[in-house]
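Trainee: give me coordinates for this.
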Amino acid sequence: MSDMLSGLLDGGWVSVLDARAAETWGRIAGESRPEVLVLAALASQAVEAGHVCLDLNRLESWRDVSDRPLPEGLERNAEVCSAWLASSPLVVTSDEITSAEGAEVRPLVLDAEKRLYLRRYWDHQQRLALGIQNRLSAKFPVQVDEHRLQEGLDRLFGAEEAGQEPDLQRVAAAGAVRSRFFVLSGGPGTGKTSTVARILALLIEQSEPSTEIGLRIRLLAPTGKAAAHLGQSIARAVQSLDCTSATRQAIPTEASTVHRALGAGGAPTRYRYDAKNPLPVDVVLVDEASMVDLALMSRLVAALPPDARLILLGDRDQLASVEAGAVLGDIAGAHALTGDSSRPPAVIQLVRSHRFVPGSGLGALVAAVHAGDVDTVLNLLEDPAQPDLRRIDPEDTNGLLLELKRGYEGFASASDAPGRLAALEHYRVLCAHRLGSDGLIALNALSESILFDQGAIDPRGEPWYDGRPVLVAQNDYASGLYNGDVGVVGRPVAGQSLDEPDGPNLRVLFERPEGGVRWLGVRRLGPVETVFAMTVHKSQGSEFDEVLLVLPREPSPVATRELVYTAVSRARRAVCLRAGVETIRSALSHRVERMSGLADALLSGPT
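Mentor: This is a model prediction of the structure:
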C-alpha cells in the first residue's frame, strides 16, 4: 500500500475496506499511481458517508465524518484529478459508456461534471433517471377523462372560484392523475395523506369505465412502522371522502415495506420482482420517500410496468436515507420536473400546515428551524408564554433527570404492557449519536435507572425484563416484524391471544398494523434494542405527543438543520431541547449536502 493511501487509512479519512478495495482494483487493472488509488478510496468512502459519488469540484471543502478536511499534500484541483482519472485503466468516462459490455470491468465512472462514481452507483443513478423520465415523456401517454376528473376535483376539493388563490392540494391531485410520475412533498400536517387518499379515489374513478378487475394499487413505505402508519392514515382519510362506497372500498388501507413488495430474498440485493419480472401493479404509492436510498428506489422503478403510475410522498427537508443518496430532495430539486405549457408539474410542495393551530408555538418552532432562523428558535425555547417549548442546558444534570422523570411518568404509572406501549407513543427521547454521554446508549441507561428508582422496572441482570421497550432492528418476514417496530416486554393479559401458548412467561407485545395487538415469545425475535431513547434517523415515520431532543455538547457534523427539523416535526404538542446555545446555532447553520448527479441526469434524460 502506498504511503499516501496508508496515511489516509491511518488518519481515519478512509476505512480499511475503502483502502483495500482501491488497492485490489489497482492491482487487477494495473493501476499503481498512488494519487489515483487515493481518489478511488475516497470515492468508496463517499458512498459510506451517504454520497452517491465523489465530486472532485468539492475536494477543497471535503469533510469526513469527524468534520476534518483532507490532509495536506493531497491534490485538490478538479482539473488535475480528472485528468489522472481519465487516463486510468480503473476508470471509464460517462461519454464512453455506450453499453454495459466492456465497461463492466472498470469499477469507476467519471462523468463530464468531474464526479467520480463507483460503477454500481452510476448504474443505479442512470437507471432511476431514465425510469422517471420515461414516465414523464410521451412514450406512454396518460388517457384522462377530463370531464370526469373536473367533476371529481370539484366534489373532493370544492369548486374553484375566480380570483381565489390556487388550492395546492387540488393542483397536486390533478397533476398526479395526468402523470405517470408524481412527487407530493410537504412538512408535518400539510395534508399529504388526505390529498393522496383523494388522488387514489380520482384514479379509481378514471379506471372504472375501462377495467373490470379494478385498479391494482400498492401502498409502500421504507420501514414497517412507516407502512403501518401509512395504512392507518389512509384508512382514516378514506372515511370522509365524498365518493361512492365502491370507490371507497377499492382504496387499499394495508401497506407493506418496499423490500417486501419487491420480494426480498436471503441475499441483500436479490429480489423476486425486477425489469424482467415486473410487479403486477397499476399504481404504486411510496410514503416517507425521503428515507428511500438510491439503490432501492432504482430497483423499485425498474420493477414497475412501463405504464404504471408512481407517486412519491414525503418531506424533502427531512433527513435523507441512511444509505447513499438523497433521492427525494434530488428529484424535487430538479427544475426539469416543474412542468411546462404542455406537461403538468411532476412535483408539488405543500406549505400550509393544518396540524398546528394558528399562533401555535410548536408550529412556529418547526417553521423557524426549517428556515434556519436561530434567534426565533432560541426566543421560542426561552419564552415563558410557550410552556410546551423548553430548553435544558447541557450542564443542568438535574434538569435532564427531572425532564425524563416527567416525560416517562405515564410509562412508570402503567401497570401492564398495553399501558406501557401506549405511553411510549406519548413521549420519546431522540438523539443524534449512538455513543457518548449524549448518545442513545447512555440515555437509555439513564432512563432505565430513573424508572428503576421509581420501582417501575427492574433491568438488573435480565435483558428481557418486564417493561423493557424494544425496537426491532431488522426486517423479519417470518414473524411479520419490521425494522422500526416497537414493542414492550410483559406478561400477557388474560383473554388476549398468544402466538406461542407454551413459551416463557415474558413475551413482547406489539400492535398489529390492522389494529389490535399480538404477543410474541422472546425467542422469536431477531436483533432488538432498548428504545426509551432512539436516534432521530430511526424516528422518521413516527409521531409522538412530546419529544425530548438531546444534541451533543460540542458541535457535530451529525447535528444538522435537517436533523433538528426532523426531530421537532415528530412532535404533535411539545418539544424539549437539551442543547447549548452555540450547539443550536451550529446545527441550524449546518446543512446536509449529499454529492449526487441525479438532478443533472434527470435534466439530460428523454423529454
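
Trainee: only C-alpha atoms for contact and neighbour calcs from this point on.
Mentor: Will do.

Trainee: any idea how far stretch 383-398 is from the chain center?
Mentor: Chain-centre distance of stretch 383-398: 29 Å, with Cα atoms, centre = their mean, to the nearest Å.

Trainee: endpoints of it, how far apart?
Mentor: Length of stretch 383-398, first residue to last, Cα to Cα, to the nearest Å: 21 Å.

Trainee: buried set for that stretch?
Mentor: Using 16 or more other Cα atoms under 10 Å as the burial criterion, the residues of stretch 383-398 that qualify are Asp388, Leu389, Arg390, Arg391, Ile392, Pro394.

Trainee: ok, so of those, who is nearest His370?
Mentor: Nearest to His370 among the buried residues of stretch 383-398 is Leu389, at 16.2 Å by Cα to Cα.

Trainee: what's the closest of the buried residues of stretch 383-398 to Tyr565?
Mentor: When the buried residues of stretch 383-398 are compared for distance to Tyr565 (Cα to Cα), Leu389 comes out closest, at 14.4 Å.

Trainee: and Gly521, how far from Pro71?
Mentor: For Gly521 relative to Pro71 (Cα to Cα), the value is 52 Å.

Trainee: just to revisit the earlier point, mind listing which of the buried residues of stretch 383-398 are in strands?
Mentor: Those of those mapping onto strands are Leu389, Arg390, Arg391, Ile392, per DSSP state E.

Trainee: how near is the second one to Val568?
Mentor: To tie it back to what came earlier, the one meant is Arg390. Counting by Cα to Cα - Arg390 and Val568 are separated by 12 Å.

Trainee: shared neighbours of those two, which are they?
Mentor: Each of Val575 lies in contact with both Arg390 and Val568 under the rule Cα atoms under 8 Å, 6 or more residues apart in numbering.

Trainee: quick one on the thing from earlier: who's more crowded, Gly521 and Pro71?
Mentor: Gly521 (19 against 11; other Cα atoms under 10 Å).

Trainee: quick check, pLDDT for the nearest residue in space to that one that is not next to it in sequence.
Mentor: Sequence neighbours aside, Arg507 is the residue nearest to Gly521 in space, at 4.7 Å (criterion: Cα to Cα, 6 or more residues apart in numbering). The model reports Arg507 with a pLDDT of 87.

Trainee: what residues are up against Arg507?
Mentor: Contact partners of Arg507, counting by Cα under 8 Å, 6+ apart, are Val489, Gly490, Arg491, Pro492, Trp519, Leu520, Gly521, Val522.

Trainee: hang on, isn't the fourth one packed against Trp519?
Mentor: Yes. With contact taken as Cα atoms under 8 Å, Pro492 and Trp519 are classed as touching, separated by 7.2 Å.

Trainee: those two: who's more crowded?
Mentor: Using other Cα under 10 Å, the more surrounded residue of Pro492 and Trp519 is Trp519, with 25 against 20.

Trainee: isn't there a strand covering the more buried one?
Mentor: Yes. Assessed with DSSP: H, G, I helix; E, B strand; the rest coil, Trp519 lies in a strand.

Trainee: name the residues linked to it by a beta bridge.
Mentor: Following DSSP bridges, Trp519 is listed with bridge partners Leu509.

Trainee: quick one: it and Gly490, what's the gap?
Mentor: Counting by Cα to Cα, the gap from Trp519 to Gly490 is 9 Å.

Trainee: before we move on, what about Gly329?
Mentor: Relative to Gly490, Gly329 is positioned 41 Å away (criterion: Cα to Cα).

Trainee: one more: Asp375?
Mentor: 45 Å.

Trainee: can you check Tyr273 too?
Mentor: Separation of Tyr273 from Gly490 (Cα to Cα): 39 Å.

Trainee: the more surrounded of the two?
Mentor: Here Tyr273 and Gly490 are set side by side on neighbour count (other Cα under 10 Å), and the busier one is Gly490, at 22 against 19.

Trainee: I figured that one hits Leu506, correct?
Mentor: Yes. Between Gly490 and Leu506 a contact is recorded at 5.4 Å, counting by Cα under 8 Å.
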